[in-house]
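Asker: this is a predicted model, with the sequence first.
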Amino acid sequence: MDDGDSIEKVLWHQPKGMAAEAQRNNQSMEPVLMSHLFDSEPDWNNMEFLIKWKGQSHLHCQWKSFVDLQNVRLSIILIVRFSNYCTYVLFTVSFSLP
């Protein structure tokens with residue numbers, strides 16, 4: 001990833017390290033729906049995010065940690081998109097908890 005890359009959108013999240021573990025075990029790095037992700041409010045520092053890069057196909061999507069994303073030059077619009085994604089997840093969690 002170089003500093004000129006722009007995030008188009010955040011597609012998914014999962015616990016940090018799952019993508020690397022899948023790659024080490026020759027398994028798919030595609031996102032998997034895990035119901036426990038919605039059991040409580042996520043700790044974003046311990047998550048990795050599937051990023052769709054602007055101007056690139058979905059074949060070039062990458063898993064990036066919260067720290068990695070802080071190193072990307074983010075425009076205000078992209079910060080809002082990331083914030084909206086996190087808010088949506090928290091909203092979903094609040095309605096799925098008993």
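Answerer: Received it, and whenever you're ready, just let me know what you need.

Asker: end-to-end on stretch 52-67?
Answerer: 17 Å (C-alpha to C-alpha, to the nearest Å).

Asker: identify each buried residue in it, please.
Answerer: Lys52, Trp53, Cys61, Gln62, Trp63, Lys64, Ser65, Phe66 (16 or more other C-beta atoms under 10 Å). C-betas here are computed from N, CA, C, even on glycine.

Asker: which ones among the residues you listed lie within strands?
Answerer: Lys52, Trp53, Gln62, Trp63, Lys64, Ser65 (DSSP state E).

Asker: need these in a markdown table (columns: distance to Phe91).
Answerer: Conversion of these to a markdown table gives the following (distance: C-beta to C-beta, whole Å):
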| residue | distance to Phe91 |
| --- | --- |
| Lys52 | 21 |
| Trp53 | 26 |
| Gln62 | 26 |
| Trp63 | 23 |
| Lys64 | 23 |
| Ser65 | 23 |
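
Asker: contacting residues for Gly55?
Answerer: Residues near Gly55 by C-beta atoms under 8 Å, 6 or more residues apart in numbering: Ser6, Glu8.

Asker: again, only using 7 Å
Answerer: Contact criterion C-beta atoms under 7 Å, 6 or more residues apart in numbering gives no residues in contact with Gly55.

Asker: next one: the one 3 residues further on
Answerer: For His58, the set of contacting residues under the criterion of C-beta under 7 Å, 6+ apart consists of Lys52.

Asker: same deal with Pro15?
Answerer: By C-beta under 7 Å, 6+ apart, the residues touching Pro15 are Asn46, Met47.

Asker: that one pairs with what?
Answerer: Met47 (DSSP bridges).

Asker: what pLDDT does the model give it?
Answerer: Here, the pLDDT recorded for Pro15 equals 84.
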